[in-house]
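Trainee: structure, please.
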Amino acid sequence: MAPTAEQLTSPRSPRVVAARRLARRAARGKQRRFLAEGPQAVREAGDSLVELFATAEAAERHGELVAAARAAGVPVHLATPEVVSGLSQTVTPQGLVGVCRFVDRPLPELLAERPRLVAVLAHVRDPGNAGTVLRCADAAGAEAVILTDASVDPYNPKAVRASAGSLFHLPLAVDVPVRDAVRGLAGAGLRVLAADGGGERELDAELDAGAMGGPTAWIFGNEAWGLPEETLALADAAVRVPIHGRAESLNLATAAAVCLYASARAQRAPGGCRASHQGREKTAGR
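Mentor: Below is the predicted model:
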């Protein structure tokens, strides 16, 4: 059914102005709100969604999302394409922009749930990389992602888009000093590995030695300069992904995917920390 409510037509509407401010990190931090754009993000936002802006066309096309938002008591504002585009950070807006609550939680709360696979983003400054690593961690079955206080804001619009909804799936801790993160992870029984191109250990050798099946946290660093020595020194080991061809290196998200999936496979192999639960876990495509 086509929506009949009056549309917001002015970009100066107080509701629109308030939402547009969330494009800035300071405003996001003060309000603990952020923007999530497109039907995928809105669908995955769940209870985090507190407000929705939609063009009439998008509301018609994604009627189930609009109906679900209204049923949950979320205010839905129909707006002209120009108004919704003003909230968008993409070249081709999809007509839906949600305002969402922050989803991060205190680190001790995450660790109390005894995660067995964790990704730590230390000194990662590019929001696209951060969002893609979140997506990789989600796909590999990680139970938590930690962003250190030297890393990008995961609620940056580019990071939110790159996560493809995974931001809403994973327990997340932010602004954690790297030393506190490593200390907490070790205290929770995880082996802490630093992914580093110059690492003294090779990922394949660790897998062959059967050393990857236990609870593990991976630290991933800045793509341009990697992890600083003081961060490497905190880890139990620095592990490199082998380069069998002529490529100089792997980009951050690719290396993260390789490392996280290596751990995921080892943990599900006989003797791994998830082996007894393997039959109950979801498989791709089911």
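Trainee: all strands of the chain, in order?
Mentor: Along the chain, counting by DSSP state E, strands occupy 33-37, 49-54, 76-78, 96-101, 117-121, 144-148, 172-176, 191-195, 201-202, 216-220, 237-240.
Trainee: tell me what the last one is packed against?
Mentor: Meaning strand 237-240. Counting by 3 or more Cβ pairs under 8 Å, 6 or more residues apart in numbering; DSSP states H and E, the packing neighbours recorded for strand 237-240 are strand 191-195, strand 201-202, helix 203-208. Bear in mind the C-beta positions are built from the backbone N, C-alpha and C, glycine included.
Trainee: and it, average pLDDT?
Mentor: The average pLDDT for strand 237-240 rounds to 97.
Trainee: on that earlier part again, what's the closest of the helices and strands packed on strand 237-240 to residue 255?
Mentor: Comparing these by their distance to residue 255 (Cβ to Cβ), the top pick is strand 191-195, with 5.7 Å.
Trainee: picking that back up, now the helices and strands packed on strand 237-240 in CSV, with mean neighbour count?
Mentor: Below are the helices and strands packed on strand 237-240 laid out as CSV (neighbours: other Cβ atoms under 10 Å):
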stretch, mean neighbour count
strand 191-195, 22
strand 201-202, 14
helix 203-208, 15
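Trainee: dump those to JSON lines, plus mean pLDDT and distance to residue 133.
Mentor: Compiled in JSON lines, these are given as follows (pLDDT from 0 to 100; distance: least, Cβ to Cβ, whole Å):
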{"stretch": "strand 191-195", "mean pLDDT": "98", "distance to residue 133": "11"}
{"stretch": "strand 201-202", "mean pLDDT": "97", "distance to residue 133": "21"}
{"stretch": "helix 203-208", "mean pLDDT": "96", "distance to residue 133": "17"}
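Trainee: any chance of these in TSV, with distance to residue 118 too?
Mentor: Formatted as TSV, these follow (distance: least, Cβ to Cβ, whole Å):
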stretch	distance to residue 118
strand 191-195	9
strand 201-202	19
helix 203-208	17
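Trainee: surely residue 159 and residue 131 touch.
Mentor: Yes: look at residue 159 against residue 131 with Cβ atoms under 8 Å: they come within range, at 3.9 Å.
Trainee: find residues that contact each of those two.
Mentor: Taking Cβ atoms under 8 Å, 6 or more residues apart in numbering as the contact rule, residue 159 and residue 131 both touch residue 167.
Trainee: domain boundaries for this protein, per the record?
Mentor: 14-101, 107-275 (automatic domain parsing).
Trainee: export the ones you listed to JSON lines and tack on distance to residue 8?
Mentor: Conversion of the domains of the chain to JSON lines gives the following (distance: least, Cβ to Cβ, whole Å):
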{"stretch": "domain 14-101", "distance to residue 8": "4"}
{"stretch": "domain 107-275", "distance to residue 8": "20"}
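Trainee: just the pLDDT for the residue nearest the centre of the chain.
Mentor: In the chain, the residue lying closest to the centroid (Cα atoms, centre = their mean) is residue 134, at 3.1 Å. With respect to pLDDT, residue 134 scores 98.
Trainee: contacts only, for it.
Mentor: Shown in contact with residue 134 (Cβ under 8 Å, 6+ apart): 119, 145, 154, 159, 162, 163, 166, 167, 170, 172.
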